[in-house]
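Any chance you can model this:
(chains A and B)
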Amino acid sequence: GAGVSQSPSNKVTEKGKDVELRCDPISGHTALYWYRQSLGQGLEFLIYFQGNSAPDKSGLPSDRFSAERTGGSVSTLTIQRTQQEDSAVYLCASRRAGSGYTGELFFGEGSRLTVL
Amino acid sequence: GENVEQHPSTLSVQEGDSAVIKCTYSDSASNYFPWYKQELGKRPQLIIDIRSNVGEKKDQRIAVTLNKTAKHFSLHITETQPEDSAVYFCAAFTFTGGGNKLTFGTGTQLKVEL
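Numbers count the residues shown, from 1 in each chain, chains lettered A, B, ... in the order given. Here you go, the predicted model:
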């Protein structure tokens, strides 16, 4: 597609349930990032994928959070046993990588997660 | 790791006035500094960026300055208009063989009043 696509756009779940959020980056973008944005807050880094390298998971807030990227394209962010404090907008972004490219990140519209 | 601080958190200006947002960073290896604008309910979008080998960059009404020695950079918006109202995020980026993490500041809510 022309842009970064995320699904679902909205997700309401009950505390304790697992959720999966999907990100489809721009074709050809080898770098993929997940950020979390709580209401009125900044962009909190979660995880970064670059090609076939091991992901940078340094931003994941707990072991309930995990992410994978299959085939160097689509990524899934999984939150297990959701808690109310997980409620936020989860933003995915992709970037071309390699020398000569700008560092611009292209963001998706985000997945708004509400944990009741 | 990198730490980016951004000030002010909110900024209100009259239409036509200038607005300045300031950021500092901690990692001297950071070499690329973009600014993103996020309108209400929308995704963040890049508005201007600067690399560490440049001290200033302008694009129409917006400009960014970088002081590598002091590790701070600023966004300047002149002749502000109502459509400039949004949240602005600064960020610091390091291109390395390893992690290329983009660390964002906490954001500045800019309101341009008529």
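
In the sheet, which residues pair with the residue nearest the centre of chain A? Tell me.
Taking CA atoms, centre = their mean, the centroid of chain A lies closest to residue A:34, which sits 3.0 Å from it. Beta bridges link residue A:34 to residue A:47, residue A:92 when assigned by DSSP bridges.

cool, residue B:92 as well?
Beta-bridge partners, per DSSP bridges, of residue B:92: residue B:103.

what's the neighbour count on it?
By the measure other CB atoms under 10 Å in any protein chain shown, the count of residues near residue B:92 is 26. All C-beta atoms are positioned from the backbone trio N, CA, C, and that covers glycine.

and it, what is it in contact with?
Listed by CB atoms under 8 Å, 6 or more residues apart in numbering or on different chains, the contact set of residue B:92 reads B:2, B:4, B:23, B:25, B:27, B:30, B:32, B:33, B:102, B:103.

So for it, what's the pLDDT?
Residue B:92 is assigned a pLDDT of 93 by the prediction.

Could you list the residues of chain B in contact with chain A?
Contact residues, chain B versus chain A (CB under 8 Å from any CB of the partner chain): B:1, B:32, B:34, B:36, B:42-46, B:49, B:89, B:93, B:95, B:98-107.

How much space separates residue B:91 from residue A:16?
Distance check for residue B:91 against residue A:16: by CB to CB, to the nearest Å, it reads 35 Å.

And the strands in chain A, which stretches?
For chain A, applying DSSP state E gives strands covering A:5-7, A:10-13, A:19-24, A:31-37, A:44-50, A:65-69, A:75-79, A:88-95, A:106-107, A:111-115.

For these, give me a markdown table that also has mean pLDDT.
What follows is these, written out as a markdown table (pLDDT from 0 to 100):
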| stretch | mean pLDDT |
| --- | --- |
| strand A:5-7 | 97 |
| strand A:10-13 | 97 |
| strand A:19-24 | 97 |
| strand A:31-37 | 94 |
| strand A:44-50 | 92 |
| strand A:65-69 | 96 |
| strand A:75-79 | 98 |
| strand A:88-95 | 95 |
| strand A:106-107 | 95 |
| strand A:111-115 | 97 |
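
Could you dump those into TSV and include distance to residue B:68?
Shown next, in TSV, are the strands of chain A (distance: least, CB to CB, whole Å):
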stretch	distance to residue B:68
strand A:5-7	35
strand A:10-13	42
strand A:19-24	34
strand A:31-37	24
strand A:44-50	23
strand A:65-69	33
strand A:75-79	34
strand A:88-95	23
strand A:106-107	27
strand A:111-115	37
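
Ok, which of those strands comes nearest residue A:56?
strand A:44-50 (4.2 Å; CB to CB).

helices or strands up against that closest one?
strand A:31-37, strand A:65-69, strand A:75-79, strand B:102-104 (3 or more CB pairs under 8 Å, 6 or more residues apart in numbering or on different chains; DSSP states H and E).
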